[in-house]
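K.L.:
model this:
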Amino acid sequence: MEKLFCIEIIIQLTTLISIPWFTPAFLAGGPIQSVYTMVNNCDDLDFKIMTSNSDINNVPLKNISMDEWTDFNKNTKVFYGDKQLSLFKHLQLLKSLKVNAVFIIGIYSFRFTILPILFSRSAKIILSARGMLHPPALRQKAFKKKLYLAFLKPILKWKKVSFHATDETEKSHIQSVFGNQAKVWVVQNIPNIRKSNVSFKSEGTINLLTVALIGPMKNHLQILKALKDCKHHVQYDICGPIYFADYWNECLKIIQQLPTNIKVVHHGPIPPNDLDSFYANAHVFICPSQSENFGHALFEGLSAGKPLITSNNTPWNDLEKNNAGLNVEPIPEDIKKAIDFFVLMNETAYSKWSKAAKDYAHKTFDIAEIKNAYQQMFFQHAE
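P.N.:
The predicted model follows:
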């Protein structure tokens, strides 16, 4: 009887998710995908999502209903707030919601982080760092972030905010900033699985793919520098918005210097549903990031049967042991060695690595277990 009562409480639990961008936005990458897969899989929980009516860089969203609650799925409603919505009305909306928990995605937003912490009616608040406290991420605009976090710390302590991390490494990063006494829930992301397609691979040629925001964190420039000395035939497709124009201009200078055996194509931002053809055409997914919280695109590459070339600064650090890819130092020399390793594979060898990549992706997660962990996080926090 007691078990039935607990199940009923879980079903009735409502969580407010506060996030600056949500689907159909996609340019902001991983956090959007994380929330999307969570609300679509945790169907024993009710969600209300407060977000903006734009994508990153204020790109307006199309085909949405603004400033009203709309059904996203059977257990989720979304409020796409007009950017012009006054802070007063935003606060009124926050205060009007009766929810058991507030799940805040990201750290550096006044409207979607600070305001819900201060003014939501729920005493149960969980802040999801989403990789923003990884040391390489903190080094970007370091002084501003240091000031902001100093401002944030007493607020979080006062409101008894706990944290969400996707693995133990991120938990350590959170506690290094907010102290070992900080309560951190460790719950893995629910990944998106891509169709598995094995592209024919002939020795001496390779198709590389990167799906990511274009900026220093993803190390596109180091890949391009590695390709300068590559003697084989390489097709390199880059999908993603230009987040740092100056950085992309540096990349363009290198692209202009590449030999004729190297073809680089920037396709711009591609909606997630239109990426299947790019994954299908690729042999290897390459993204030697400075840091990754989870790396949705890395997982999707693996799930599509594409071995990875990435750095040691992601959760995917046992690649070579599992024949699922190579971890490298994000410098041109190491990246080139990894590319050459896959370039020289024939169809038989490559097929084995492709299958191993897919197998590795599938053995690294258990959706039922992750769903239970999210239910436990929200339910226990709401007691």
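
K.L.:
which residues in the protein form helices?
P.N.:
Secondary structure of the chain (DSSP state H): helices located at 2-12, 30-41, 87-96, 115-119, 135-138, 142-158, 168-178, 220-227, 245-257, 276-281, 296-303, 332-343, 347-363, 367-381.

K.L.:
for residue 264, find the nearest of those helices.
P.N.:
Nearest to residue 264, of all the helices of the chain, is helix 245-257, at 5.1 Å by Cβ to Cβ. For every residue, glycine as well, the C-beta is placed using N, CA and C.

K.L.:
need the contact list for the nearest residue to residue 205 once chain neighbours are set aside.
P.N.:
Nearest non-adjacent residue to residue 205, counting by Cβ to Cβ, 6 or more residues apart in numbering: residue 233, 4.3 Å away. Residues near residue 233 by Cβ atoms under 8 Å, 6 or more residues apart in numbering: 204, 205, 206, 261, 262.

K.L.:
repeat for residue 163
P.N.:
126, 127, 128, 129, 171, 174, 178, 182, 183, 184, 185.

K.L.:
could you list every residue that touches the second one?
P.N.:
Pointing back at residue 127 there. Contacts for residue 127 (Cβ under 8 Å, 6+ apart) come out as 104, 107, 113, 117, 156, 161, 162, 163, 164.

K.L.:
least confident of the helices of the chain, on average?
P.N.:
Of all the helices of the chain, the minimum mean pLDDT falls on helix 2-12 (a mean of 40).

K.L.:
picking up where we left off before, reformat the contacts of residue 163 as CSV; add distance to residue 312.
P.N.:
Formatted as CSV, these follow (distance: Cβ to Cβ, whole Å):
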residue, distance to residue 312
126, 29
127, 27
128, 24
129, 20
171, 18
174, 20
178, 25
182, 26
183, 28
184, 23
185, 25
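
K.L.:
which of the residues you listed fall in strands?
P.N.:
Here DSSP state E is the test, and the contacts of residue 163 give 126, 127, 128, 184, 185 as lying in strands.

K.L.:
tell me the bridge partners for the last one.
P.N.:
Think residue 185. residue 164 (DSSP bridges).

K.L.:
I'd say it and residue 165 touch.
P.N.:
Yes - using Cβ atoms under 8 Å, residue 185 is in contact with residue 165, at 7.2 Å.

K.L.:
and these two? which has more neighbours close in?
P.N.:
More neighbours surround residue 165 than the other of residue 185 and residue 165, with 23 against 18 (other Cβ atoms under 10 Å).

K.L.:
mind listing what the nearest residue to that one once chain neighbours are set aside touches?
P.N.:
Excluding the flanking residues, the one nearest residue 165 by Cβ to Cβ, 6+ apart is residue 171, at 4.2 Å. Shown in contact with residue 171 (Cβ under 8 Å, 6+ apart): 163, 165, 184, 186.

K.L.:
how close does residue 171 get to residue 129?
P.N.:
Taking Cβ to Cβ, to the nearest Å as the measure, residue 171 falls 9 Å from residue 129.

K.L.:
again, but for residue 96
P.N.:
From residue 96 to residue 129 the distance is 28 Å (Cβ to Cβ).

K.L.:
between those two, point out the one with more neighbours.
P.N.:
Here residue 96 and residue 129 are compared on neighbour count by other Cβ under 10 Å; more neighbours surround residue 129, at 24 against 8.
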